[in-house]
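Peer 1: I would like to see how this sequence folds:
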Amino acid sequence: MTYTAVIFGGPSPEHDVSILTGLQAARELARSGHDVAALYWSKAGDWYRVRPDLEGSDFVQGVPGAAEPVQLVVAPGGGFVTAKKGLWSKASPIDVDVAVVCCHGGPGEDGSLQAALDLAGVAYTGPTVAGAALGMDKFAFGAAVAAAGLPALPRLLLTESAGPGALRGPCIVKPRFGGSSIGIEVVDSFETALALRNTSAHLRAGAVVEPYLPQSFDLNVAVRLAPTPQVSAVERPVRSGGAILGYADKYAGGEGMVSAPRELPAKIGDDERAAIVDMALAVAQLCGVRGVQRVDFLSDDGKLYVNEINTVPGSLAKHLWVEPEVPFATLLADMVAEAKAKPSTAWTTAGSDGSALRSAGAIAGKLS
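Peer 2: Below is the predicted model:
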């Protein structure tokens, strides 16, 4: 039997939310007639096959009961296989036609999982290796947006060498590699930001700082390029009273992004809506969007700034498609079709004709 796999979980701070997204996708695919293989990536990095009809509560204590250990074989002709159960048993391959990636943050969204699936020859939805890495790197993404001529706040690497004069007044500190508001803080000075970097587990791998705009608010849209370029309704997420849109604002409602409070469609003017659509499509082209991704903006006193791209958004941004209305089943079907029709990578050995080897001479001579 050939399966549509749904991959979720992973060793990431967003592990729990990824489970919710994965279970939503697995149920909808099963309801649409797919034979679903639900593949759970544990916090410890192990893989398991679980029932696609489980609830989020089944994962509270870790790996659910009756979960079947599996392995991801990263080699030509590899993929997911059931783990050996005894000395003489053989690993049995799981015939996966395409994998729907529902991992948020960490190695599931930074390109690590995507690279493994590429090497294993498994077709998958969502960003490519390069797209995932760019979306997860806030400094590189900000630089790419600015280089493309799109409006963005100045974003600096947080280092001792930058000096306190690099950014004055209140600023936002963000993990360079991360998402969904985890580890993000508003601080009163550059010195405070530097001290925070040395104490926060989320900032140790790198951090960026940017100006804090106290009157600004968030505006988000989902965007996809297949089957045709399309942008969802604009949402204005509702903050719980904090200085920024926090992790709890987005995910504490119990269903991932679906249950978060919001104004949808956002009450904005036609000109602002048109500008957001144009910029979202420009970002999609810049990042080579695959599947459905979410582009986040800041609006401040009539000015719009591109903030971030979320390459695997919570609930796969299914809740944003109200104008135009696109059912979740259609979004998933289009993502699966795109993954099958447009491989995430195409390597070539053109140019490797042996001429460099023939003219190289003896290696021993090059070491003397």
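
Peer 1: Doesn't Leu113 belong to a helix?
Peer 2: Yes: the assignment for Leu113 is a helix, going by DSSP: H, G, I helix; E, B strand; the rest coil.

Peer 1: Which residues are in contact with it?
Peer 2: Ile7, Gly10, Val101, Cys103, Pro107 (C-beta atoms under 8 Å, 6 or more residues apart in numbering). Any C-beta I mention is one placed from the backbone N, CA and C, and that applies to glycine too.

Peer 1: Tell me the pLDDT of the second one.
Peer 2: As predicted, Gly10 sits at a pLDDT of 97.

Peer 1: coming back round to it: in strands only, show me the contacts of Leu113.
Peer 2: Ile7, Val101 (DSSP state E).

Peer 1: I'd like the next helix or strand past the helix or strand of the chain with the lowest mean pLDDT.
Peer 2: Here the helix or strand of the chain ranked lowest by mean pLDDT, DSSP states H and E is helix 247-251, holding a mean of 56. Using DSSP states H and E, the helix or strand that follows helix 247-251 in sequence is strand 262-263.

Peer 1: If you count contacts, what does that following strand end up packed against?
Peer 2: Here strand 262-263 touches strand 236-237, going by 3 or more C-beta pairs under 8 Å, 6 or more residues apart in numbering; DSSP states H and E.

Peer 1: just how off-centre is the strand it packs on within its chain?
Peer 2: Strand 236-237 sits 19 Å away from the centroid of its parent chain (C-alpha atoms, centre = their mean, to the nearest Å).

Peer 1: what do you get for stretch 60-67?
Peer 2: Using C-alpha atoms, centre = their mean, the offset of stretch 60-67 from its chain centre is 24 Å.

Peer 1: Give the rounded mean pLDDT of that stretch.
Peer 2: Stretch 60-67 shows a mean pLDDT of 94.

Peer 1: so where do the helices sit in the stretch 151-300 of the chain?
Peer 2: Using DSSP state H, counting those that start in this stretch, the helices found in the stretch 151-300 of the chain span residues 190-197, 247-251, 270-287.

Peer 1: For Glu14, find the nearest of the ones you listed.
Peer 2: Nearest of the helices of the stretch 151-300 of the chain to Glu14, taken as C-beta to C-beta: helix 247-251 at 8.3 Å.

Peer 1: quick one: low-confidence ranges for this protein?
Peer 2: Applying pLDDT under 70 to the chain flags the ranges 84-89, 162-167, 179-180, 240-259, 368.

Peer 1: mind giving me the domain ranges of it?
Peer 2: 3-124, 127-152+215-325, 154-212 (automatic domain parsing).

Peer 1: Determine which of those domains approaches Asp353 most closely.
Peer 2: The nearest among the domains of the chain, by C-beta to C-beta, is domain 3-124 at 21.8 Å.

Peer 1: Give me the distance between the two termini of the closest one.
Peer 2: This stretch, domain 3-124, spans 12 Å end to end (C-alpha to C-alpha, to the nearest Å).

Peer 1: swap in stretch 213-228?
Peer 2: 35 Å.

Peer 1: do stretch 44-63 as well
Peer 2: Terminal residues of stretch 44-63 are spaced 10 Å apart (C-alpha to C-alpha).

Peer 1: could you show me where the helices are in the stretch 1-150 of the chain, in order?
Peer 2: 15-31, 112-120, 129-136, 138-147.

Peer 1: out of the ones you listed, nearest to Gly361?
Peer 2: Distance to Gly361, taken as C-beta to C-beta, is lowest for helix 112-120 among the helices of the stretch 1-150 of the chain, at 32.6 Å.

Peer 1: Measure how the closest one sits relative to helix 129-136, angle-wise.
Peer 2: 180 degrees (axes from the mean of the first three to the mean of the last three C-alpha atoms, to 10 degrees).

Peer 1: For helix 112-120, C-alpha coordinates in CSV please.
Peer 2: C-alpha atoms of helix 112-120 as CSV (Å, rounded to 0.1, in the frame of the first residue of the first chain):
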residue,chain,number,x,y,z
SER,A,112,17.7,19.7,8.3
LEU,A,113,14.7,17.4,7.8
GLN,A,114,14.3,18.7,4.3
ALA,A,115,17.9,17.7,3.5
ALA,A,116,17.4,14.3,4.9
LEU,A,117,14.3,13.7,2.9
ASP,A,118,16.1,14.9,-0.3
LEU,A,119,18.9,12.5,0.3
ALA,A,120,16.4,9.7,1.0
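
Peer 1: picking that back up, between the contacts of Leu113, identify the one with the most neighbours.
Peer 2: Val101 (32 neighbours; other C-beta atoms under 10 Å).

Peer 1: Next, the contact list for it, please.
Peer 2: Ile7, Gly108, Leu113, Gln114, Leu117, Tyr124, Thr125, Gly126, Val312.

Peer 1: ok, what's across the strand from it?
Peer 2: Ile7 (DSSP bridges).

Peer 1: and it, how far is that from Gln61?
Peer 2: 25 Å (C-beta to C-beta, to the nearest Å).

Peer 1: Now do stretch 335-350: distance from first to last residue.
Peer 2: 31 Å.

Peer 1: Mind listing what's buried along it?
Peer 2: Met335, Val336, Glu338, Ala339, Ser344 (16 or more other C-beta atoms under 10 Å).
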